[in-house]
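Sequence first, then the predicted structure:
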Amino acid sequence: MRNGTARPLNELATRRQFLLAGGAGLLLSLVLTVFLFFLARRLSGAAFLSPTTRGGGGWAMFFLLAIGFIAVAELPLVLYGLVRMARRGLPGLALNSTHFVFVAFPAIYGALGTLLTGQRWWLWVMLFLSGVRLFTSAILIYPREMAEREAALVAKRAPPAPPPARTRLIEEIRGFILDMDGVLYRGNTVREGTLDFIHHLNAAGLPYLCLTNNASRTSAMYEEKLGRLGLPIKGEHVMGAAQATAEWLRARAVAGARVLPLGEAGLREELSKVGFTLVEQPPADYVVVGIDFELTYERLKQATLAIRGNAQFVGTNPDRTFPSEEGLLPGNGAALAYLEAATGVAPIIIGKPSVAIMEVALAHLGLPAEQVAMVGDRLDTDILGGQHAGLMTILVRGGVTSEAELATSPIQPDLVVDDLGALLARVAPERQANLANSTPSK
Ligand SMILES: [Mg+2]
């Protein structure tokens, strides 16, 4: 993730909208105050708690003090609520209209106090309180800044350089996160030792999760694909970037938040499954971009407008290209780069090597990072992502990483194995020996 060199336009738009909503509240408060000031003069004789009718003004003062106390006491409570809304990245209408009501509301207390007691100075006290509310909220809350702070936090927890190597021992490992393509299989061919390794995990009841940056399929679709390859892996043991993104967002967004997705059916299904409302155009609370094989200018336009309208920009995975028989084709990262150029806003990335997907995966396994190994064939995603999350990292040879790359890369795994069969020999030597004796090798 890079920092936009151009000043993000929608950051300015957001601050402006937030302050405009509060400013409109203050203006409404001022208009009401002036109107009530003249109205109260006409009605002053009829005020229920007027000092002239109720003697001495003791009741009037008591009443004003009581509503004054309420008006001041609710200030920190509502401010706290506004900060929480902004932190959750809840942008647009909900946050801004709450801010508007928050600033304008003292006018109601002003009207109540003045019309019941005939004390017109009370209106000006409440107008001053409206000003104080706008001042404090303007200082405390910049919604885009909050969203960016979170993005910066994710980026900080996923630094580009690998952290110092911390060698972990295979004996401490109780669960596995397995990359799929290049580790379990290559293309449509299951790799040597995969079946034995999966049988061992299933039989020993070891928690494991097959994790892929691909965001076009649901877990059920992967289960079917793995079944076709003859691998007995249930959908609950598979997680794609679509599901990881949906779960990551669910932990942060309010229920029913509006998501504008750019992606395949798998992504849409995962997002609606966790309760998001899918929209095709702004306003939206989030724009979520996965690989979309029918991407059009119209879709990119709607996403751009939504991000500029303050939707939070989330990418399922950063892969700029993916291999095919025709050569390298544009991947999800290419669409993210397009939108970043059009909006000046960098996306929050969920997929490997982001720590976000690793945290979602660890939560699924229910194990601490120290007891989990990340097994992959790519240094800059699988191994780097595993290191960011504090996992033991195991590179499988024969995938995308060449021997020359492994020898020169600054990213070094804790362990290198030829395939999952070789890993099984390290994890459970006795079982591997039994398998070798009892079943002819495939
Ligand atoms: Mg791979």
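Sure thing, it's come through.

Output stretch 375-394 in PDB with nothing but the alpha carbons.
Provided in PDB are the C-alpha atoms of stretch 375-394 (Å, rounded to 0.1, in the frame of the first residue of the first chain):
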ATOM      1  CA  VAL A 375       2.600 -23.500   4.400                       C
ATOM      2  CA  GLY A 376       3.000 -21.900   1.000                       C
ATOM      3  CA  ASP A 377       4.900 -21.800  -2.300                       C
ATOM      4  CA  ARG A 378       5.300 -18.000  -2.600                       C
ATOM      5  CA  LEU A 379       7.800 -15.900  -0.600                       C
ATOM      6  CA  ASP A 380       6.200 -12.500  -1.000                       C
ATOM      7  CA  THR A 381       2.600 -13.500   0.000                       C
ATOM      8  CA  ASP A 382       2.500 -16.900   1.900                       C
ATOM      9  CA  ILE A 383       5.800 -16.700   3.800                       C
ATOM     10  CA  LEU A 384       5.800 -12.900   4.300                       C
ATOM     11  CA  GLY A 385       2.100 -12.900   5.400                       C
ATOM     12  CA  GLY A 386       2.900 -15.800   7.800                       C
ATOM     13  CA  GLN A 387       5.800 -13.900   9.300                       C
ATOM     14  CA  HIS A 388       3.700 -10.700   9.800                       C
ATOM     15  CA  ALA A 389       1.200 -12.700  11.800                       C
ATOM     16  CA  GLY A 390       4.000 -14.400  13.800                       C
ATOM     17  CA  LEU A 391       3.500 -18.000  12.400                       C
ATOM     18  CA  MET A 392       6.100 -20.600  11.700                       C
ATOM     19  CA  THR A 393       6.600 -20.500   7.900                       C
ATOM     20  CA  ILE A 394       7.200 -23.500   5.600                       C
END
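
does any part of it sit near the ion?
Yes - looking at stretch 375-394 against the ion by C-beta under 5 Å from the ion, the contacts come from D377. For every residue, glycine as well, the C-beta is placed using N, CA and C.

Give me the mean pLDDT for that stretch.
Average pLDDT, stretch 375-394: 93.

Stretch 127-144 now?
pLDDT averaged over stretch 127-144 gives 82.

Stretch 399-417 too?
91.

OK, now which residue of the stretch 301-442 of the chain is nearest to the ion?
D377 (4.5 Å; C-beta to the ion).

what's the neighbour count on the residue of the chain found nearest the ion?
Scanning the chain for proximity to the ion using C-beta to the ion identifies G182 as nearest, at 3.5 Å. Residues within reach of G182, counting by other C-beta atoms under 10 Å, total 18.

Just confirm it contacts T381, I think it does.
No - applying C-beta atoms under 8 Å, one finds G182 not in contact with T381, separated by 10.6 Å.

Residues of the stretch 301-442 of the chain that sit close to the ion?
Within the stretch 301-442 of the chain, the positions lying close to the ion (C-beta under 5 Å from the ion) are D377.

all helices for the stretch 301-442 of the chain, in order.
Counting by DSSP state H, counting those that start in this stretch, one finds helices in the stretch 301-442 of the chain at the ranges 332-343, 355-365, 384-388, 403-408, 420-427, 429-438.

mean pLDDT for those helices: which is lowest?
helix 429-438 has the lowest average pLDDT among the helices of the stretch 301-442 of the chain, namely a mean of 58.

Could you dump the helices of the stretch 301-442 of the chain into JSON lines with mean neighbour count added?
JSON lines is the format used below for those (neighbours: other C-beta atoms under 10 Å):
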{"stretch": "helix 332-343", "mean neighbour count": "20"}
{"stretch": "helix 355-365", "mean neighbour count": "22"}
{"stretch": "helix 384-388", "mean neighbour count": "27"}
{"stretch": "helix 403-408", "mean neighbour count": "10"}
{"stretch": "helix 420-427", "mean neighbour count": "21"}
{"stretch": "helix 429-438", "mean neighbour count": "12"}
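
So which of these is nearest R42?
Nearest to R42 among those is helix 332-343; the distance by C-beta to C-beta comes to 53.6 Å.

is it possible to export the helices of the stretch 301-442 of the chain to JSON lines including distance to R120?
Below are the helices of the stretch 301-442 of the chain laid out as JSON lines (distance: least, C-beta to C-beta, whole Å):
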{"stretch": "helix 332-343", "distance to R120": "50"}
{"stretch": "helix 355-365", "distance to R120": "56"}
{"stretch": "helix 384-388", "distance to R120": "63"}
{"stretch": "helix 403-408", "distance to R120": "79"}
{"stretch": "helix 420-427", "distance to R120": "81"}
{"stretch": "helix 429-438", "distance to R120": "87"}
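
Low-confidence bits of the protein, can you list those?
Low-confidence segments of the chain, defined by pLDDT under 70: 1-14, 44-57, 87-92, 142-168, 430-442.

and it, what are its domains?
Per automatic domain parsing, the domain ranges recorded for the chain read 9-151, 170-213+353-438, 243-349.

which parts of the stretch 51-200 of the chain sit against the ion?
Residues of the stretch 51-200 of the chain lying close to the ion by C-beta under 5 Å from the ion are D179, D181, G182.

Which ones among the residues you listed map onto strands?
Counting by DSSP state E, those place D179 in strands.

just the CA coordinates of the helix or strand hosting S272, formatted as CSV?
Per DSSP states H and E: S272 is located in helix 265-273. The C-alpha trace of helix 265-273 is given here as CSV (Å, rounded to 0.1, in the frame of the first residue of the first chain):
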residue,chain,number,x,y,z
ALA,A,265,-20.8,-14.2,-7.7
GLY,A,266,-18.6,-15.8,-4.9
LEU,A,267,-17.7,-12.4,-3.5
ARG,A,268,-21.3,-11.2,-3.6
GLU,A,269,-22.6,-14.4,-2.0
GLU,A,270,-20.1,-14.1,0.9
LEU,A,271,-20.9,-10.5,1.5
SER,A,272,-24.6,-10.9,1.6
LYS,A,273,-24.3,-14.1,3.7
